[in-house]
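> Model the structure of this input:
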Amino acid sequence: MADPVWGNLEKAQDDDQTIDEAIAAAIAAHEADSDAHTESGESLETHKGQEVIDHPALSLVADKYADQSVENEKFKYNQFKIESVFESLDAFSQSTSGTASIDQNLASAVLASGTTINSVAFLGGEAWSEGDAVDYLKNPRFVIIAKTMATTDQEIYLVAGSYDLDGFGFYIEDGTLYAIHMKDGSEYKTDISSGITVTNWHRYKAVYTSGSKIEFYVDDVLKATHESNLPEDGADSADELYYCGYRLKNTAAANKRVVLKEFIIQQDS
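Have a look, this model is predicted:
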């Protein structure tokens with residue numbers, strides 16, 4: 001005769017409850033226990049105390065928040081931020097030479113060289129006074145969405161700070177893209193042009209970690225990190241006047257253009 005199934009055996013000679021029934025009863029009791037796993041050292045209690053709880057991306061959805069349930073104080077006010085789509089150029093410094101020009105359109109600005117060689121167009125976000133612009137002690141971040149209209153005979157700076165003293169951002173020479181930073185007028189560059197076509201729209205982002213590094217991203221992909229000879233505030237910081245600077249120069253007798261769509265400057269306050 002075949003042995004009986006283990007789970008169908010009685011739990012004890014004096015208890016006719018089967019082993020399967022006893023397991024089912026234990027599971028039911030556990031599911032009904034609102035304090036399950038919440039005691040010290042148990043999983044839910046530990047989960048509650050974790051500094052970071054990982055949830056799937058986009059898992060916090062709008063219908064979980066009651067209208068007007070998030071108070072303003074819950075938002076961060078410890079950062080300084082400039083964000084613009086070039087809705088106006090009134091507060092920008094503008095200079096041109098040769099046949100260069102600067103045009104403002106709806107949600108964009110265009111720097112053009114014209115057809116005279118070595119013409120320059122410069123558009124700068126100027127602070128109210130020297131020394132009150134990008135602060136390298138406050139972890140500045142810089143974003144610019146831009147594209148060029150050509151891949152030859154052009155030099156383009158897209159930077160936070162200044163392109164000729166202290167700053168950081170991106171440099172385009174002909175069709176080659178570089179991560180760049182400047183310190184005391186010296187340039188430090190890394191070729192990051194692999195897979196990047198500068199005549200397409202790209203989101204260029206540079207993140208400065210104070211005293212440590214500058215990370216350079218294209219379309220949110222890390223392309224380079226600079227960790228030495230970084231710009232920093234110090235005796236020469238009073239020379240800093242610009243939050244950002246955009247400069248186009250043609251190196252042949254042909255019209256070159258760069259289109260600027262949106263920029264962000266952000267740093268600790």
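
> chain center to the one helix or strand Q266 maps to: distance?
Assigned by DSSP states H and E, Q266 belongs to strand 257-268. Distance, stretch centre to chain centre, for strand 257-268: 12 Å (C-alpha atoms, centre = their mean, to the nearest Å).

> for stretch 195-214, same thing?
So, by C-alpha atoms, centre = their mean, the centroid of stretch 195-214 is 9 Å from its chain's centroid.

> export it as CSV, just CAs?
Provided in CSV are the C-alpha atoms of stretch 195-214 (Å, rounded to 0.1, in the frame of the first residue of the first chain):
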residue,chain,number,x,y,z
GLY,A,195,29.0,59.9,-31.8
ILE,A,196,28.0,63.6,-31.5
THR,A,197,26.8,65.6,-34.5
VAL,A,198,26.9,69.2,-33.5
THR,A,199,24.4,70.2,-36.2
ASN,A,200,21.7,68.2,-34.2
TRP,A,201,20.1,69.5,-31.1
HIS,A,202,21.9,68.4,-27.9
ARG,A,203,21.5,69.1,-24.3
TYR,A,204,24.9,70.0,-23.0
LYS,A,205,25.3,69.8,-19.2
ALA,A,206,28.3,70.5,-17.0
VAL,A,207,28.3,69.9,-13.2
TYR,A,208,31.0,71.4,-11.0
THR,A,209,31.5,69.7,-7.6
SER,A,210,33.3,72.2,-5.5
GLY,A,211,37.0,71.5,-5.1
SER,A,212,36.7,68.1,-6.7
LYS,A,213,35.7,67.7,-10.4
ILE,A,214,33.7,68.9,-13.3
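
> which residues touch that stretch?
When contacts are defined by C-beta atoms under 8 Å, 6 or more residues apart in numbering, stretch 195-214 is touched by residues 136-151, 158, 160, 168-170, 172, 175, 177, 179, 181, 215-220, 225-227, 230, 232, 261. Quick note: C-beta positions are derived from backbone N, CA and C, even for glycine.

> Looking at those, which are in strands?
141-148, 158, 160, 168-170, 172, 177, 179, 181, 215-218, 225-226, 261 (DSSP state E).

> in the strand holding Q266, what counts as buried?
Judged by neighbour count (16 or more other C-beta atoms under 10 Å), strand 257-268 contains these buried residues: R257, V258, V259, L260, K261, F263, I264, I265, Q266, Q267.

> which stretches of the stretch 51-200 of the chain have low pLDDT?
Counting by pLDDT under 70, the ranges of the stretch 51-200 of the chain that qualify are 75-76.

> and with 80 instead?
Applying pLDDT under 80 to the stretch 51-200 of the chain flags residues 51-55, 57-58, 60, 62, 68, 70-78, 129-131.

> how many other residues sit next to A252?
Number of residues near A252 (other C-beta atoms under 10 Å) recorded here: 14.

> need the contact list for it.
Listed by C-beta under 8 Å, 6+ apart, the contact set of A252 reads I117, T152, D153.
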